[in-house]
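Asks: this one's sequence-less:
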């Protein structure tokens, strides 16, 4: 019995020893004790905001844990950011130019430090040294989305404030427009203007665009077409005549050569004609301007009537026996007084011109 009891106790003790050894191995394997025993070097990263990062949070590079946050984030000297101290395992080196971000892990959104190395073509072959102070690049993953949402919300608020100010200005402008330009007085003026425009269009439609005027225009167009057809016919008939005139022109060439000398003689006459034309141009200019007796006779009916009466009096009575017996000028639209119609000279019969006495002077008149 004694030996069997001892053997049982020995087996139980050995079993316990093996169990304790396995438990110690599991503790060392799955706890941070092993990592705590590794050699590390320190880095400091500056972040404008590191919400959610706590002491002991992992530091990952390419998905692998290469260190941890050694202490909780500390405010910087200007209180506009935090400094985060990292402990990186000495077997890992971080390429120069890497980006430090605040990332998330798992469905619970646990915060961690994520390191993104530069692109292969941007690698310089150098690494971050121990004790370096680096600049962080903000959040990544869901944190980046959250930061983007916060930034977008802030920008949206600014835009909404600007829109509100613009709406206030637009409301003020509409109020001013409603009270000023669209006031009752301006609306009345606008209505009157539209009425005048409608009346003018009606007059144009009734007068200028009347059926009679349209028919006249159609007649003029038909006349132009007929004239064009006649001109075309005349042009076609001129062709044979020109063919017949050709030989005649050849016969006239010697006579034309003789006339060249005669043309030189007419040069002086042409100069005189030129002077006469200039004088005629001056007279025509005076006529167009209304200067002189002739334009007045043409444009002034009263003067024209008086001049005609003067000539008539000379023809009737002569120079020595001149007296004013011609009818007086009556403006258009006025009635002729009966006294003037009966004041015609007894010796003149306008209905029978042959009974009028002839001769300019009394002693040349014939009975």
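Replies: The structure has been received and is ready for your questions. Quick caveat, the model's predicted, so the values are computed rather than measured.

Asks: From here on, just use CA atoms for contacts and neighbour counts.
Replies: Noted.

Asks: Report the residue ranges of every domain in the chain.
Replies: The record assigns the chain these domain ranges, following automatic domain parsing: 1-31, 33-140, 222-291, 300-364.

Asks: right, and the helix or strand after the one helix or strand residue 85 maps to?
Replies: For residue 85, the host element (DSSP states H and E) is strand 82-89. For strand 82-89, the following helix or strand on the C-terminal side (DSSP H and E) is strand 99-105.

Asks: Run through who's touching stretch 218-235.
Replies: Contacting residues not belonging to stretch 218-235 are not present [CA atoms under 8 Å, 6 or more residues apart in numbering].

Asks: can you give me the strands in this structure?
Replies: Remark: strands assigned in the chain by DSSP state E are 40-47, 58-61, 64-69, 74-75, 82-89, 99-105, 110-116, 133-139.

Asks: May I see those strands organised as TSV, with mean pLDDT added?
Replies: Shown next, in TSV, are the strands of the chain (pLDDT from 0 to 100):
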stretch	mean pLDDT
strand 40-47	92
strand 58-61	92
strand 64-69	90
strand 74-75	90
strand 82-89	92
strand 99-105	87
strand 110-116	88
strand 133-139	81
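
Asks: I'd like these written out as TSV, with distance to residue 307 and mean neighbour count added.
Replies: Output for the strands of the chain, formatted as TSV (distance: least, CA to CA, whole Å; neighbours: other CA atoms under 10 Å):
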stretch	distance to residue 307	mean neighbour count
strand 40-47	115	19
strand 58-61	124	22
strand 64-69	128	19
strand 74-75	120	15
strand 82-89	118	22
strand 99-105	115	21
strand 110-116	118	20
strand 133-139	112	18
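
Asks: Am I right that residue 313 is in contact with residue 326?
Replies: Yes: using CA atoms under 8 Å, residue 313 is in contact with residue 326, at 6.4 Å.

Asks: Which residues are in contact with each of these two?
Replies: Going by CA under 8 Å, 6+ apart, no residue sits against residue 313 while also sitting against residue 326.

Asks: Quick one: mean pLDDT over stretch 314-332.
Replies: Looking at stretch 314-332 alone, the average pLDDT works out to 71.

Asks: picking up where we left off before, can you redo the strands of the chain as TSV with distance to residue 164?
Replies: Output for the strands of the chain, formatted as TSV (distance: least, CA to CA, whole Å):
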stretch	distance to residue 164
strand 40-47	35
strand 58-61	46
strand 64-69	46
strand 74-75	38
strand 82-89	37
strand 99-105	36
strand 110-116	39
strand 133-139	32
